[in-house]
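**Student:** okay, sequence plus prediction incoming.
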Amino acid sequence: MPKWKLILEYEGTRYRGWQEQPNARTVQGELRKAAENFLEEKVELVGAGRTDAGVHALFQIAHLKYSRSISETALRHAINDRLPSDINVIRAERVPAQFHARYDAGERFYLYQIAVRRTAFGKPFVWWIKDRLDVSLMKRAAEYFTGLRDFSAYREFDKNTDESPLVNVNSIELALIGELILLRMGASHFLWKMVRRIVGVIAEVGRGNIIINRITELSHADIARLTAPPSGLFLEYIRYAGDAPPGPICPSFFRY
């Protein structure tokens, strides 16, 4: 049976996240509906990573398995014709039968965008923080989260997963570009709400409300209250064996 690697982008504002859920509109659900409507059969559809409600993706990966033989161009065009305008298949690539979008992914990158001024156009894609932020302090705080750490205090409990709270954060970049503070994190995997809670803590350091050497004293409840909104978060890149690393950190549109 043919298997395809789909490279997707989507605006997550209207969806309850990537993963299919009963009685909820999701990105995976819309993609499955479009594919099965065109192919007229049930398909296997698996994503490389879950995104929460309201979170966007610049470079989500999914694999699609079905029985019919069809060209890449025809498949991509047909699915896109059936998708809502806020979900788009960028490319479709034929892959070996053993390829698995989730289990073969070696590294995932998330990008968070904080606006330092009110914006008329970017509200769905940023977290606007009215307070003055000390970017140099935020960079120092970001360094605290690199390496192998127990992120139990930064996760949301999920009864459907037994993932270890130990996560090796390979890289964190934080940069002020124009009127955006951009934060990129790379790791093999992330826990539910982990990125947004790290961003929330870093923002409080930038506000001057948390001293860097007191980060370790924050409780789970303290951290949960600081969870950054989903609007500024993007699944930026999924890296597989042989893939190049992501390019220089930059704002969120039309880069791949």
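**Tutor:** Received it, and whenever you're ready, just let me know what you need.
**Student:** now do the strands in the stretch 1-150 of the chain.
**Tutor:** According to DSSP state E, counting those that start in this stretch, the stretch 1-150 of the chain carries its strands in the segments 3-10, 44-47, 56-65, 87-94, 107-115, 127-128, 147-150.
**Student:** I'd say V46 and Q60 touch.
**Tutor:** No: between V46 and Q60 there is no contact under C-beta atoms under 8 Å: 11.4 Å. From N, CA and C alone the C-beta is placed, and that goes for glycine too.
**Student:** any common contacting residues for those two?
**Tutor:** Residues touching both V46 and Q60 (C-beta atoms under 8 Å, 6 or more residues apart in numbering): none.
**Student:** which one of those two is surrounded by more residues?
**Tutor:** More neighbours surround Q60 than the other of V46 and Q60, with 29 against 14 (other C-beta atoms under 10 Å).
**Student:** partner residues bridging the residue nearest to the more buried one when sequence neighbours are not counted?
**Tutor:** Closest residue in space to Q60, ignoring its immediate chain neighbours: L8 at 4.4 Å, by C-beta to C-beta, 6 or more residues apart in numbering. Beta-bridge partners for L8, by DSSP bridges, are Q60, V89.
**Student:** out of the strands of the stretch 1-150 of the chain, which gets nearest to W192?
**Tutor:** strand 107-115 (12.7 Å; C-beta to C-beta).
**Student:** the closest one pairs with which strands, and in what direction?
**Tutor:** As defined by DSSP bridges, the strand partners of strand 107-115 come to strand 127-128 (parallel), strand 180-187 (antiparallel), strand 233-239 (antiparallel).
**Student:** right, and these - which one's nearest E36?
**Tutor:** strand 233-239 (23.7 Å).
**Student:** the closest one: how far from the chain's middle?
**Tutor:** Computed by C-alpha atoms, centre = their mean, to the nearest Å, the chain-centroid distance of strand 233-239 equals 5 Å.
**Student:** quick one, what contacts K42?
**Tutor:** Neighbouring residues of K42 by C-beta under 8 Å, 6+ apart: E36.
**Student:** how close does it sit to H220?
**Tutor:** Applying C-beta to C-beta, to the nearest Å, the value for K42 to H220 is 41 Å.
**Student:** could you dump stretch 150-159 to CSV, C-alpha only?
**Tutor:** Output in CSV follows, covering the C-alpha atoms of stretch 150-159 (Å, rounded to 0.1, in the frame of the first residue of the first chain):
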residue,chain,number,x,y,z
ASP,A,150,12.6,16.7,35.0
PHE,A,151,9.8,18.9,33.7
SER,A,152,7.1,17.4,35.9
ALA,A,153,6.2,20.9,37.2
TYR,A,154,5.8,22.2,33.7
ARG,A,155,3.5,19.5,32.3
GLU,A,156,-0.3,19.2,32.3
PHE,A,157,-1.4,15.8,33.6
ASP,A,158,-2.6,13.5,30.8
LYS,A,159,-4.2,10.3,31.9
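**Student:** mind listing what's buried in it?
**Tutor:** Within stretch 150-159, the residues scored as buried using 16 or more other C-beta atoms under 10 Å are 151, 153-155.
**Student:** from E30, how far out is the closest residue to E107 other than its chain neighbours?
**Tutor:** Distances taken as C-beta to C-beta, 6+ apart put R239 closest to E107, at 4.2 Å, once the chain neighbours are dropped. As for R239, its distance to E30 is 25 Å (criterion: C-beta to C-beta).
**Student:** for L6, what are its contacts?
**Tutor:** Taking C-beta under 8 Å, 6+ apart as the contact definition, L6 lies against 31, 61-64, 79, 89, 91-92.
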